[in-house]
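Enquirer: What shape does this take:
(chains A and B)
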There are 2 protein chains.
Amino acid sequence: MSTHNAEDLDKVYSFAIKLARVAGRMLLDSAEQRYIPDGNREVQGLSEKDSSVDIVTKTDEDVESFIKTSIAQQYPEHRFIGEESYSKGASKRYLIDDGPTWCVDPLDGTVNYTHLFPMFCVSIGFVLNSRPIIGVVYAPFLGQLFTARAGHGAWLNEKQRLPLVRDPIPPIPSEAPRNCIFSCEWGKDRRDHPDSNLHRKVESFITMAAEQSGREGKGGMVHGVRCLGSATMDLAYTAMGSFDIWWEGGCWEWDVAAGICILQEAGGLVTAANPPDDVENCSIENAKLGSRLYLAIRPAGPSPNETGRLGQERAVREVWRRVRRLDYTRPGQ
Amino acid sequence: MSTHNAEDLDKVYSFAIKLARVAGRMLLDSAEQRYIPDGNREVQGLSEKDSSVDIVTKTDEDVESFIKTSIAQQYPEHRFIGEESYSKGASKRYLIDDGPTWCVDPLDGTVNYTHLFPMFCVSIGFVLNSRPIIGVVYAPFLGQLFTARAGHGAWLNEKQRLPLVRDPIPPIPSEAPRNCIFSCEWGKDRRDHPDSNLHRKVESFITMAAEQSGREGKGGMVHGVRCLGSATMDLAYTAMGSFDIWWEGGCWEWDVAAGICILQEAGGLVTAANPPDDVENCSIENAKLGSRLYLAIRPAGPSPNETGRLGQERAVREVWRRVRRLDYTRPGQ
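Expert: Here you go, the predicted model:
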């Protein structure tokens, strides 16, 4: 089965939300075990480092297992793709085909979760024809549930439509990236040579941040630089309108499937992080789900001079002018 | 009056919490005016950019005025210091003396607030003998209230003691800054020359982040780099134990007074951001409230090899070995 009627998708959507709420509760329960005293709980006697890593790994596995099992019971014909789909050392070839596929990260922002920094979440995407058409992100410590279904908009806590400010939706600032909040991540590639992703990223961050006369006239003078440590939360806040620009490489489809659906349903744009040869004139394509390289622009309304979409495309080109190409590849791409 | 008995301080503490809750509600109400449809509200008809800046400036002033007026009525003998205490162009000399002084930022994280990114808060510090002895931080969008009173610990939402993980409180990682979350801010100084604060900061960030063999053996390989855009929230999350290290220059006493009290009451350490001459052996002093340069370490428990305090001091020296001196001065210091 590779198509779904509206009623089917409605059920898939409700089911995904239910899964995310339970999974988020599991994450929170496990976090609270580490800090809320409870006479019924045994004190572990482990050193904190041991116990936190143990608990996080076990929680990650438990939540993935819960989601995977629940889906297999409800939709035995659907596929499931997540980090655990790739056994250690196996090829990281992109595996999603046109069939109905759940693309899930049971715990996005693992480092944040380990440190109990609230920017962690469960991320559940439902993908059809390799396009995320349902996205549910739940950050239980923040009490924030982001949901979207293709054609039905994106929502915060099932009551507030995204982006938050929408009467009217603000246009992209005329001098973008100036006046924009720029969200980015340092990532795990920390090699210290001029061509490492660490240096490619940080040089790009500096160009985005520097005064406009700086960096040989390329300074972006963004309003602020933000790093949350969760690709999913970055996308959710871009959908909300809090971040204007998110630029990142290195994450996987389960980190972004739900977030991309939410952002697109909110009216945002997701394209490739790496600048093409013809930055000025190339057409702006949607990012490929498995591309590992993403540039997201928040939902935008029209200004007197341009449509919302043209404003977003202008922002994309302005970012491309300022960033280096990142080097994240995978077999088959 | 320059001393207070316990009963007086208890009342000041409750009063500060009440103020923060009302002020936070004012911030949230004003934010919601921008996005929650309400038949009773007139649509402004302004472009979003105009209206958001107008609303934010007015909200900031309204909240400061509410807090200032309330304090003047309740405690007419107390002083009040905030950003508005310094008229435009006036000397930014440090003005806090030994008397009872309220040191307040009605809206910390203004850029976040403008963009509706939830990391904004009201910050209310009460300072005696130039030492913050009461701190209240309320982030209304997140529903997080951080409070502390000298000698009585620090709390989240008045029920959960900080740091969150405390049975036992984890020691500082043995290879710190490795395995630490490093929180920092890009700030407003974006000048693009090798000696600007922008470059001093970013070079320091890179050294903290790079692989351990990198940066001439100084690579810190931190677990993650986070930037929230609010000094107050950085301090609150360091008190919570979410961030291990916060290193920043350029903020003012109203940005940090409440947060420093909360962090110290949680068992954290705040010292100077700039490395002294003798990094290895110098004694580690508390940061001066008006110094504009802060290095904070989260609360830490003992390991088999060292006390919590010694672990924190080790982390301070490891940061100092990796960062450049920042250049933020003020008259009289």
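Enquirer: Before we go further, A:Val136 is sitting in a strand, right?
Expert: Yes - applying DSSP: H, G, I helix; E, B strand; the rest coil, one finds A:Val136 inside a strand.
Enquirer: Look up which residues are beta-bridged to it.
Expert: A:Ile124, A:Thr147 (DSSP bridges).
Enquirer: and it, how many neighbours?
Expert: A count of neighbours around A:Val136, defined by other CB atoms under 10 Å in any protein chain shown, yields 29. Backbone N, C-alpha and C define where each C-beta goes, glycine included.
Enquirer: what's the spacing between it and A:Ser14?
Expert: Computed as CB to CB, to the nearest Å, the A:Val136 to A:Ser14 distance reads 10 Å.
Enquirer: Then A:Asp327?
Expert: Taking CB to CB as the measure, A:Asp327 falls 41 Å from A:Ser14.
Enquirer: go on, A:Pro170?
Expert: A:Pro170 sits at a distance of 32 Å from A:Ser14 (criterion: CB to CB).
Enquirer: Same question for A:Ala231.
Expert: From A:Ala231 to A:Ser14 the distance is 25 Å (CB to CB).
Enquirer: same question, A:Glu158
Expert: 11 Å.
Enquirer: These two - which one has more neighbours?
Expert: A:Ser14 (13 against 9).
Enquirer: ok, which stretches of the stretch 201-333 of chain A are strands?
Expert: Remark: strands assigned in the stretch 201-333 of chain A by DSSP state E, counting those that start in this stretch are A:224-226, A:245-249, A:269-271, A:293-297.
Enquirer: and the ones you listed as TSV, adding distance to chain B, mean neighbour count and mean pLDDT?
Expert: Below are the strands of the stretch 201-333 of chain A laid out as TSV (distance: least, CB to the nearest CB, whole Å; neighbours: other CB atoms under 10 Å in any protein chain shown; pLDDT from 0 to 100):
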stretch	distance to chain B	mean neighbour count	mean pLDDT
strand A:224-226	4	25	98
strand A:245-249	11	25	98
strand A:269-271	17	24	98
strand A:293-297	14	26	98
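Enquirer: what packs against the lowest-mean-pLDDT helix or strand in chain A?
Expert: Least confident element among the helices and strands of chain A, by mean pLDDT, DSSP states H and E: helix A:48-74 (a mean of 85). Helix A:48-74 sits against helix A:6-33, strand A:79-82, strand A:101-108, helix A:110-114, strand A:121-128, with contacts defined as 3 or more CB pairs under 8 Å, 6 or more residues apart in numbering or on different chains; DSSP states H and E.
Enquirer: shouldn't A:Cys227 be in contact with A:Gly187?
Expert: No - when contacts are counted by CB atoms under 8 Å, A:Cys227 is not listed as touching A:Gly187 (9.9 Å).
Enquirer: tally of neighbours for A:Arg93?
Expert: 11.
Enquirer: Contacts only, for it.
Expert: A:Arg330, A:Pro331, A:Gly332 (CB atoms under 8 Å, 6 or more residues apart in numbering or on different chains).
Enquirer: Apart from its neighbours in sequence, what residue is nearest A:Trp155?
Expert: The shortest distance from A:Trp155 to any non-neighbouring residue, by CB to CB, 6 or more residues apart in numbering or on different chains, is to A:Thr147 (5.1 Å).
Enquirer: wait, doesn't the one you found sit right on A:Ile17?
Expert: Yes - counting by CB under 8 Å, A:Thr147 touches A:Ile17, with 5.9 Å between them.
Enquirer: which of those two has more neighbours?
Expert: A direct count of neighbours by other CB under 10 Å for A:Thr147 and A:Ile17 places A:Thr147 higher, at 27 against 19.
Enquirer: ok, the more buried one - contacts?
Expert: A:Tyr13, A:Ala16, A:Ile17, A:Gly135, A:Val136, A:Val137, A:Ala154, A:Trp155, A:Glu158, A:Ile262.
Enquirer: do the same with A:Gly332
Expert: By CB under 8 Å, 6+ apart, the neighbours of A:Gly332 are A:Arg93, A:Tyr94.
Enquirer: Could you measure from it over to A:Ser130?
Expert: Counting by CB to CB, the gap from A:Gly332 to A:Ser130 is 14 Å.
Enquirer: Over to A:Arg226?
Expert: Distance from A:Arg226 to A:Ser130, by CB to CB: 30 Å.
Enquirer: ok, now A:Ala72?
Expert: To A:Ser130, A:Ala72 is 21 Å away according to CB to CB.
Enquirer: again with A:Gly311
Expert: Counting by CB to CB, the gap from A:Gly311 to A:Ser130 is 28 Å.
Enquirer: Show me which of those two is the more surrounded one.
Expert: Between A:Gly311 and A:Ser130, counted using other CB under 10 Å, A:Gly311 has the larger neighbour count: 23 against 16.
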